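Novice: no sequence for this one, just the structure:
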Ligand SMILES: [Zn+2]
C-alpha cells in the first residue's frame, strides 16, 4: 500500500545578534517554492527536496509537497515570513491529517523567529499537536543545528549532515527516509536521546576537511551503527554560536530502536570526547596585516608553488552564510593598501553602490564610498575610484558541490576595477561559495593571482581544488571567533569559551 508522507523544507541559520531581520523578500531572493512546483524546480538539485523525491520512488510513497524555503543567514525571521513558511506545512498537516502516514522534513536546526528563537522546536511541537503521538516525524538537520530538547521531544528520527562543507544533503535525507519507512511499516520504534556539554563551540566547528574531533567521532559513529542493528543513527552537530538560545552549541543525538540506557551512556562518551578536545581548531586565523604579509611572501617566492592556482583568502568573520553583513571593508582595504595586482574580491554587499555604478555604465570611471553601510564598526565605508567593467543581473546557476544546480541571485551586480583588484559589488548579501559567482561577471578566477571570498568554510568545496594556498582572515566582523564581543542573554552559563576554559 502506498504511504502518504508529508514533506517540507525550511532552512535558515539565524544570527540573533544581526540587526538585519529576515523577511519574505529574503526567501524570494533565494528559494521559495510552494506545493507541486517543488519537484520540477528542485529534483535535479542536491538539496533536501530532491532527496524526498528519490526516497518516494524507492519506498513507493505518495508525497504531500508543502514548501521549499531557504534564505541567506541573517537576523531573526519575521513573524509574517514564518507564518507563510511554517503555515504551508501546518496547514497541509491539518488538511491531510487522516491520510498522513509519516512526516519527513528538511530543517536547519538553528533558525530563530522574532517571537521564538527555537523555530524548529516550535514547528515540530505544533506538528505533533496536529498529528498526535502515533504519526512518525523524521527531520534532517544541518550540521550546525542547535538541537534543543523540544526538537528531540517532538520528533522520532533526527538525522544531521556529516560533511562541512555540506555536500551530503541527499544522503542525509536517505538515512532519515529509510528509518521513517521502517517506522511507518511498524518494523522499528525509534527513540531519540541527546547529550550536550557546557560548550558553545567545539568539534572544530564541524569541519570535515581535516582530521579533527569531528571526523574522528563521525568515523566512530559509522562503526557503531554498522555493529549494532538497534542503533539506528547518530547525529553530531557542531551548533551555531550566533543563535542566542539556552541550548545552543555542540550536541550528539542517538536514535535507537526502543529505549536503552546504553545509548545514553554512549552519547555521554561522545560529548566527553568533544569536551576534552574543545580547543582543537584546524584553521589558523590571520589579521589583515598578517595576511597581506603572507601574500607578499608567497608572491615573492622564487620557486613555483607546489600547486598552481590563485591564493584564496577567506573573509571568515564577515561570512554572510553565518549571518554577517557581507559589507565589511577591512580585508578589501588591506588588499588595496597592499597594492595587490591581478586580484578579485567577491562579493561586497552594497546595493546603493551597485545602483550608482550600474547607472554610470560600463567603462565609466567613478569615485564613491563602498561597503561598510550596515554597521561601520565592522569596517566603515571606504572611498575608492575605479572603472566599471561589467554589469549583471546577478543570477547564475551554481555548479560547485555545495549547492550544485541551485540558482543564486546576487541582484544587480557590478564589477568595479579598483587599481589591481576587481571587486564584485552585489545587491543581495550571500556567501561566496561558487566559481560561477565570479565567472558570471566575466571574472576568471583561474587567471587571478589572488581571490578573496566572503565565506568561512563552504567556499572550500569549489575553491580548494583550484587554490594554490588558502588563507583565513578574522577581521572581527559579526561572525568572528571572538565571542566575548557578543551580548548573550539566553545562553546557559557558565559555558566554554565565554566562562570556562
Ligand atoms: Zn551548516
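Specialist: Looks like it arrived, so ask away. These numbers were taken from a predicted model, which means no experiment stands behind them.
Novice: Most proximal residue of the stretch 101-250 of the chain with respect to the ion?
Specialist: Residue nearest to the ion within the stretch 101-250 of the chain: residue 144 (3.6 Å; Cβ to the ion). For every residue, glycine as well, the C-beta is placed using N, CA and C.
Novice: three-state assignment of the spatially closest residue to that residue that is not a sequence neighbour?
Specialist: Spatial nearest neighbour of residue 144, excluding adjacent residues (Cβ to Cβ, 6 or more residues apart in numbering): residue 240 at 4.4 Å. Look at residue 240: counting by DSSP: H, G, I helix; E, B strand; the rest coil, its state is coil.
Novice: Which stretches in the stretch 101-250 of the chain count as helices?
Specialist: Using DSSP state H, counting those that start in this stretch, the helices of the stretch 101-250 of the chain run over 119-131, 149-153, 169-184, 213-227.
Novice: can you list those in CSV and add mean neighbour count?
Specialist: Output for the helices of the stretch 101-250 of the chain, formatted as CSV (neighbours: other Cβ atoms under 10 Å):
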stretch, mean neighbour count
helix 119-131, 21
helix 149-153, 18
helix 169-184, 23
helix 213-227, 16
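Novice: out of those, nearest to residue 140?
Specialist: helix 169-184 (4.8 Å; Cβ to Cβ).
Novice: who's in contact with residue 458?
Specialist: Each residue near residue 458 by Cβ atoms under 8 Å, 6 or more residues apart in numbering is listed here: 164, 165, 166, 321, 402, 431, 433.
Novice: Any idea how many residues pack against residue 80?
Specialist: Look at residue 80: counted by other Cβ atoms under 10 Å, it has 11 neighbours.
Novice: Including pLDDT, distance to the ion and neighbour count, could the contacts of residue 458 go into TSV?
Specialist: Converted to TSV, those look like this (pLDDT from 0 to 100; distance: Cβ to the ion, whole Å; neighbours: other Cβ atoms under 10 Å):
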residue	pLDDT	distance to the ion	neighbour count
164	95	6	25
165	92	9	26
166	93	6	23
321	92	8	23
402	87	10	23
431	95	11	25
433	96	12	27
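Novice: Those: which two are farthest apart?
Specialist: By the measure Cβ to Cβ, the contacts of residue 458 have their two most distant members at 164 and 431, which lie 13.2 Å apart.
Novice: Report the central residue of this protein.
Specialist: The centroid of the chain falls nearest to residue 321 when counting by Cα atoms, centre = their mean (5.5 Å).
Novice: Phi and psi next, for it.
Specialist: phi -70, psi -10 (degrees, to the nearest 10).
Novice: Give the closest residue to it in space, chain neighbours not counted.
Specialist: Excluding the flanking residues, the one nearest residue 321 by Cβ to Cβ, 6+ apart is residue 431, at 3.4 Å.
Novice: The one you found - that's part of a helix, no?
Specialist: No: secondary structure of residue 431 (three-state DSSP): coil, not part of a helix.
Novice: Looking from the ion, tell me which residue of the stretch 401-501 of the chain is nearest.
Specialist: Of all residues in the stretch 401-501 of the chain, the one sitting closest to the ion is residue 458 (7.9 Å; Cβ to the ion).
Novice: what about that residue, distance to residue 265?
Specialist: Residue 458 sits 35 Å away from residue 265, going by Cβ to Cβ, to the nearest Å.
Novice: Give me the buried positions along the lowest-mean-pLDDT helix or strand in the chain.
Specialist: Lowest on mean pLDDT, DSSP states H and E among the helices and strands of the chain sits strand 407-409, with a mean of 92. Residues of strand 407-409 classed as buried: 408, 409 (neighbour count, 16 or more other Cβ atoms under 10 Å).
Novice: Mind checking the pLDDT average for the helix or strand just after it?
Specialist: Following strand 407-409 in sequence order, the next helix or strand is strand 413-418 (DSSP states H and E). Average pLDDT, strand 413-418: 98.
Novice: And the next helix or strand past strand 413-418?
Specialist: Past strand 413-418, the next helix or strand by DSSP H and E is strand 421-426.
Novice: Neighbouring strands - and their directions - for that next one?
Specialist: Applying DSSP bridges to the sheet, strand 421-426 is found paired with strand 343-349 (parallel), strand 413-418 (antiparallel).
Novice: will you turn those into TSV that also has mean neighbour count and distance to the ion?
Specialist: Shown next, in TSV, are these (neighbours: other Cβ atoms under 10 Å; distance: least, Cβ to the ion, whole Å):
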stretch	mean neighbour count	distance to the ion
strand 343-349	27	20
strand 413-418	24	25
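Novice: Can you add distance to residue 440 and give these back as TSV?
Specialist: Shown next, in TSV, are these (distance: least, Cβ to Cβ, whole Å):
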stretch	distance to residue 440
strand 343-349	10
strand 413-418	8
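Novice: ok, back up a step: give me the neighbour count for the residue of the stretch 101-250 of the chain closest to the ion.
Specialist: When neighbours are counted by other Cβ under 10 Å, residue 144 registers 26.
Novice: my read: it touches residue 109, true?
Specialist: Yes: with contact defined as Cβ atoms under 8 Å, residue 144 and residue 109 form a contacting pair (7.4 Å).
Novice: Please enumerate the shared neighbours of those two.
Specialist: Overlap of the contact sets of residue 144 and residue 109 (by Cβ under 8 Å, 6+ apart) consists of residue 237.
Novice: can you give me the strands for the stretch 301-450 of the chain?
Specialist: Counting by DSSP state E, counting those that start in this stretch, the stretch 301-450 of the chain has strands at residues 311-315, 343-349, 365-370, 382-392, 395-397, 407-409, 413-418, 421-426, 450-453.
Novice: Relative to residue 334, how far out is the residue nearest to the centre of the chain?
Specialist: Counting by Cβ to Cβ - residue 321 and residue 334 are separated by 22 Å.
Novice: What of residue 208?
Specialist: 30 Å.
Novice: got it, and residue 243?
Specialist: According to Cβ to Cβ, residue 243 and residue 334 sit 30 Å apart.
Novice: Would you mind telling me which of those two has more residues around it?
Specialist: Shown here are residue 243 and residue 334; by other Cβ under 10 Å, residue 243 has more neighbours (30 against 22).
Novice: Figure out which of the strands paired with strand 421-426 is closest to residue 355.
Specialist: Ranking the strands paired with strand 421-426 by proximity to residue 355 (Cβ to Cβ) places strand 413-418 first, at 8.8 Å.
Novice: Also compute the angle for that closest one relative to strand 382-392, please.
Specialist: Calculated by axes from the mean of the first three to the mean of the last three Cα atoms, to 10 degrees, strand 413-418 forms an angle of 130 degrees with strand 382-392.
Novice: what's in contact with strand 413-418?
Specialist: For strand 413-418, the surrounding residues in contact (Cβ under 8 Å, 6+ apart) are 336, 347, 353-354, 357-358, 366, 370, 384-394, 422-427, 441-443.
Novice: Give me the buried subset of those.
Specialist: By neighbour count, with 16+ other Cβ under 10 Å, the contacts of strand 413-418 hold 336, 347, 353-354, 357-358, 366, 370, 384, 386-392, 394, 422-427, 441, 443 as buried.
Novice: for the ion, what are the nearby residues on the stretch 51-200 of the chain?
Specialist: Listed as neighbours of the ion in the stretch 51-200 of the chain under the rule Cβ under 5 Å from the ion: 142, 144.
Novice: roughly how far apart are the residue of the stretch 101-250 of the chain closest to the ion and residue 369?
Specialist: Noted for residue 144: a distance of 34 Å to residue 369, by Cβ to Cβ.
Novice: partners of the least confident helix or strand of the chain, with directions?
Specialist: Taking DSSP bridges as the criterion, strand 407-409 forms sheet pairs with strand 395-397 (antiparallel).
Novice: Just the buried residues of the partner strand, please?
Specialist: Buried residues in strand 395-397, defined by neighbour count with 16+ other Cβ under 10 Å: residue 396.
Novice: Many thanks, we can stop here.
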